[in-house]
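Colleague: Make a model of this:
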Amino acid sequence: MRNHDAHPEGPDLAALAGLLADGTRASFCLALLDGRAWTATELARHAGVAASTATEHLNLLVGGGLLVQERQGRHRYVRLAGPETARLIETLASMAPRRADRPRSLPAVNRSRALARARTCYDHLAGALGVAITEAMADRGLLDREQGLTLTGDGVAWLAGLGIALPPTTRRPPVRACLDWTERRPHLAGAVGAALCRHAFDAGWITRIGTGRAVALTEIGRRALQDHLGLSDGTGTPVG
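Modeller: Below you'll find the predicted structure:
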């Protein structure tokens with residue numbers, strides 16, 4: 001006989017899982033991994049649903065704490081609740097089975113490939129580019145993989161040489177490994193990962209492709225990766 005009151009207290013994991021059990025809500029969360037705020041209209045267009053349907057789903061996600069909303073005038077924007085929410089979504093995506101109905105149109109295939117090559121994961125770099133940078137930093141002693149992932153003294157000096165100051169101490173860890181859902185290997189997250197991603201945008205190393213999460217490595221970025229990490233491209237190919 002089942003005891004429905006066996007666990008009357010504690011986290012309601014089933015409620016959280018239920019929020020992501022719907023395909024439309026899951027697609028919203030994946031889209032918001034780009035770290036930006038979206039309007040309900042933009043997300044409705046992205047998921048191919050009616051605006052009223054999108055609003056119902058967004059209300060559930062906001063109420064469940066996965067998203068937060070901001071209002072500017074008559075516009076309502078939503079974004080992920082924070083880096084820990086982004087970590088949850090990315091980790092679940094890395095564990096999820098691949099869809100049997102692979103994209104068939106050329107534009108869809110190109111979008112999928114672009115995401116796999118390089119993309120933002122909330123506020124840090126992911127895809128083959130993010131993993132290559134992380135592994136190159138570890139190979140050069142800038143990151144230590146002995147106990148998870150930590151920044152070394154050489155890593156601090158390397159960041160300073162790029163003009164990246166260590167973020168002030170907060171509840172967010174300076175360095176964290178985030179399992180990449182396309183590469184199935186970790187990429188650099190945490191405050192340092194976010195600072196490095198921001199520097200890559202500001203320095204012109206990367207640029208966004210359209211309005212999604214995919215980014216492209218620029219020629220300036222290729223030279224920078226070669227000079228600073230010994231990478232000839234964004235996929236981890238070493239130089240010399």
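Colleague: Mind picking out the helix or strand in the protein with the poorest mean pLDDT?
Modeller: helix 106-117 (a mean of 82; mean pLDDT, DSSP states H and E).
Colleague: For beta bridges, what are the partners of the residue nearest the centre of the chain?
Modeller: The chain has Cys121 as the residue nearest its centroid, 1.2 Å off, counting by C-alpha atoms, centre = their mean. As for beta bridges, Cys121 partners with His124 under DSSP bridges.
Colleague: Then Pro186?
Modeller: Note on Pro186: beta-bridge partners Leu179, judged by DSSP bridges.
Colleague: that older thread, pull the contacting residues for the residue nearest to the centre of the chain.
Modeller: 33, 86, 90, 130, 178, 180, 187, 189, 213 (C-beta atoms under 8 Å, 6 or more residues apart in numbering). In this view, the C-beta of every residue, glycine as well, is placed from N, C-alpha and C.
Colleague: Could you dump those residues into CSV and include distance to Gly141, neighbour count and pLDDT?
Modeller: Converted to CSV, those look like this (distance: C-beta to C-beta, whole Å; neighbours: other C-beta atoms under 10 Å; pLDDT from 0 to 100):
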residue, distance to Gly141, neighbour count, pLDDT
Leu33, 30, 21, 88
Ala86, 28, 24, 87
Glu90, 26, 22, 83
Gly130, 19, 29, 96
Cys178, 21, 26, 86
Asp180, 22, 24, 86
His187, 18, 26, 92
Ala189, 20, 30, 91
Arg213, 30, 24, 86
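Colleague: For Arg79, which non-adjacent residue is spatially closest?
Modeller: Once flanking residues are discounted, Arg79 sits nearest to Ala37: 4.3 Å by C-beta to C-beta, 6 or more residues apart in numbering.
Colleague: these two touch, right, the one you found and Glu70?
Modeller: Yes. Ala37 lies in contact with Glu70 (C-beta atoms under 8 Å); the separation is 6.3 Å.
Colleague: roughly how far apart are the residue nearest to the centre of the chain and Leu20?
Modeller: Computed as C-beta to C-beta, to the nearest Å, the Cys121 to Leu20 distance reads 17 Å.
Colleague: Likewise for Arg79?
Modeller: 16 Å.
Colleague: buried sites along stretch 17-25?
Modeller: Neighbour-count burial for stretch 17-25 flags 19-20, 24-25 (criterion: 16 or more other C-beta atoms under 10 Å).
Colleague: Looking at those residues, which is nearest Glu42?
Modeller: When the buried residues of stretch 17-25 are compared for distance to Glu42 (C-beta to C-beta), Thr24 wins out at 13.8 Å.
Colleague: Let me know the helix or strand that the closest one is in.
Modeller: In the assignment (DSSP states H and E), Thr24 maps to helix 23-31.
Colleague: what separates that helix from the chain centre, distance-wise?
Modeller: Mean C-alpha position of helix 23-31 versus that of the full chain (C-alpha atoms, centre = their mean, to the nearest Å) differs by 14 Å.
Colleague: right, and the helix or strand after that helix?
Modeller: Next element after helix 23-31 (DSSP H and E): strand 38-39.
Colleague: For stretch 66-86, list the C-alpha coordinates in CSV.
Modeller: Output in CSV follows, covering the C-alpha atoms of stretch 66-86 (Å, rounded to 0.1, in the frame of the first residue of the first chain):
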residue,chain,number,x,y,z
LEU,A,66,12.9,29.1,-13.1
LEU,A,67,12.3,32.5,-14.8
VAL,A,68,12.1,36.0,-13.6
GLN,A,69,10.3,38.8,-15.4
GLU,A,70,11.0,42.5,-15.9
ARG,A,71,8.6,45.1,-17.3
GLN,A,72,9.6,48.1,-19.3
GLY,A,73,6.6,50.2,-20.3
ARG,A,74,4.1,47.9,-21.9
HIS,A,75,6.7,45.2,-22.6
ARG,A,76,7.3,42.2,-20.4
TYR,A,77,10.6,40.5,-20.6
VAL,A,78,11.6,37.2,-19.1
ARG,A,79,15.0,35.6,-18.4
LEU,A,80,16.5,32.7,-16.5
ALA,A,81,16.4,33.2,-12.7
GLY,A,82,20.2,33.0,-12.5
PRO,A,83,23.4,31.1,-13.3
GLU,A,84,22.3,28.1,-11.2
THR,A,85,19.1,27.8,-13.2
ALA,A,86,21.2,27.9,-16.4
